[in-house]
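# Only the shape, not the letters, is given here:
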DNA sequence: CTGCTATGTCTACGACTGTAGACACGCTGG
DNA sequence: CCAGCGTGTCTACAGTCGTAGACATAGCAG
């Protein structure tokens, strides 16, 4: 009851380097996802981890390097889409509709991307993170030719839904019933998953590049 | 060849209030589209118009009000999608693929939105602009029920393509041939335009969670 | 117990931001 | 001609940003 300075509950930060580093990184993911790269200051990240701003730079070198590790952390563990092509459209549609629901507020890598991509340096880091974690796996999962661009088109659709539902918060899409949204999304994603009857099998006279 | 201070070509800014205001607004659209709301400073906008920063605030009150007018200007004249439902998918797909080509660099409202939406105040202004200019018209153009959410889903798809192709610049999608992209997009948009076999289609005016 | 080193904090700096008030100047009405 | 007013600029001020160097302290080795 006195001015006992130690905080009740958890640990008063028992000088553990790896634990502190972990706390900073978790706080960074949360702050960058919520505020974006430009909007989240190092003092904000540090405060979320219960340390001072300088310690952040001491552990991560700079804000940019911290962001790179946060992007890696945010994208790595997530299975953005199912690995099973047969259930990919249903699973992706359901998950996306659920996670973008008005009440849910997860820490999603798409949110981190959308709110940070305005900064060119951050955009480059994000692009590298996508290529490293989801790009290749998604291209391997999608059947048929042109898997890589089709996979990125799927990412574009997902990102757009996140943007309109949770960032810009357009009313009709935000208020869309989860079941209706799931159905619509599944119809859309199936177009991307099922190899379309692309007349591009014959080489048209487009700009030469057969695009692998 | 003398030190004639007046810039060649255009006018040496002949103290015309409306023309100056117009120059500031044009510079603001350009700067906000290129750098985003947080990234573009009033000094940058002012410099682009050949005036000082204070004049910007004199004409527009604050950076936020300037941004609101820039959003209005950026969204107003554009016909985001065709008004003709029968040609909507083809026209939208072609236009989107062309304007997001690697070499083209237009001032597109979607770019302005993507790079500014991280800021919550800017996001709200953008949402209002979308509702005012494109939302209603798009809902009127799309046939069938649930036109408003389907229209915003189309906007989400368009925004996602802009994001991945031009902001994050994912390589496979950025390098996708224009013809292939147009085809893929048209297939996708047609799913949104053609009234899907929505099993929940009977009831109207159900904002509630009625379905399922 | 004593001292050393890793761990964390404090103070501060230079740059940049949006914005306010005072000042200067060009154009137009007499 | 010249006075006035609208148009544009200058200086400045709080505030925040990322970051650097000096300082303090906790926890373990001896």
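Received, thanks. Here the structure is a predicted model, which is why all the values come from computation and not from measurement.
# Check whether residue A:163 really touches residue B:164, as I assumed.
No - Residue A:163 lies out of contact with residue B:164 (CB atoms under 8 Å); the separation is 11.5 Å. Where C-beta positions appear, they are placed from N, C-alpha and C, glycine not excepted.
# Count the residues that sit near the residue lying closest to residue A:66 once chain neighbours are set aside.
Take residue A:66 and drop its neighbours on the chain: the residue closest to it by CB to CB, 6 or more residues apart in numbering or on different chains is residue A:60, 3.9 Å away. A count of nearby residues for residue A:60, using other CB atoms under 10 Å in any protein chain shown, gives 21.
# Contact partners for residue A:60?
Contacts for residue A:60 (CB atoms under 8 Å, 6 or more residues apart in numbering or on different chains) come out as A:24, A:66, A:69.
# Compute the distance between it and DNA strand C, please.
12 Å (CB to the nearest atom of the strand, to the nearest Å).
# Residue A:191 too?
Distance, residue A:191 to DNA strand C, by CB to the nearest atom of the strand: 42 Å.
# quick one, phi psi at the residue nearest to residue A:66?
Dihedral pair for residue A:60: phi -120, psi 0, per degrees, to the nearest 10.
# swap in residue A:66?
Residue torsions, per degrees, to the nearest 10, at residue A:66 are phi -60, psi -40.
# What about it, how many residues nearby?
By other CB under 10 Å, 22 other residues sit near residue A:66.
# likewise the one 10 residues further on?
For residue A:76, the tally of surrounding residues (other CB under 10 Å) stands at 12.
# Likewise for residue A:174?
If you count neighbours by other CB under 10 Å, residue A:174 ends up with 17.
# That one against residue A:168, yeah?
No - using CB under 8 Å, residue A:174 is not in contact with residue A:168, being 9.0 Å away.
# Distance of residue A:63 relative to residue A:120?
Using CB to CB, to the nearest Å, we find residue A:63 at a distance of 14 Å from residue A:120.
# Of the two, which one has the most company?
Per other CB under 10 Å, whichever of residue A:63 and residue A:120 has more neighbours is residue A:63, with 20 against 14.
# What residue, apart from its backbone neighbours, is nearest the more buried one spatially?
Closest residue to residue A:63 apart from its sequence neighbours, by CB to CB, 6+ apart: residue A:42 at 5.5 Å.
# hey, where'd the helices end up in chain A?
A:17-39, A:42-49, A:53-60, A:63-75, A:85-99, A:109-116, A:120-130, A:136-141, A:147-162, A:171-174, A:178-193 (DSSP state H).
# Neighbours of the residue nearest to residue A:189 when sequence neighbours are not counted, how many?
Using CB to CB, 6+ apart and skipping the chain neighbours, the partner closest in space to residue A:189 is residue A:89 (4.0 Å). Burial of residue A:89 is recorded as 22 neighbouring residues (other CB under 10 Å).
# and the lowest-mean-pLDDT helix or strand in chain A, what does it pack onto?
One helix or strand of chain A scores below all others by mean pLDDT, DSSP states H and E: helix A:136-141, with a mean of 84. If you count contacts as 3 or more CB pairs under 8 Å, 6 or more residues apart in numbering or on different chains; DSSP states H and E, helix A:136-141 packs onto helix A:147-162.
# and the helix it packs on with chain B, contact?
Yes - judged by CB under 8 Å from any CB of the partner chain, helix A:147-162 comes into contact with chain B at A:148-153, A:155-161.
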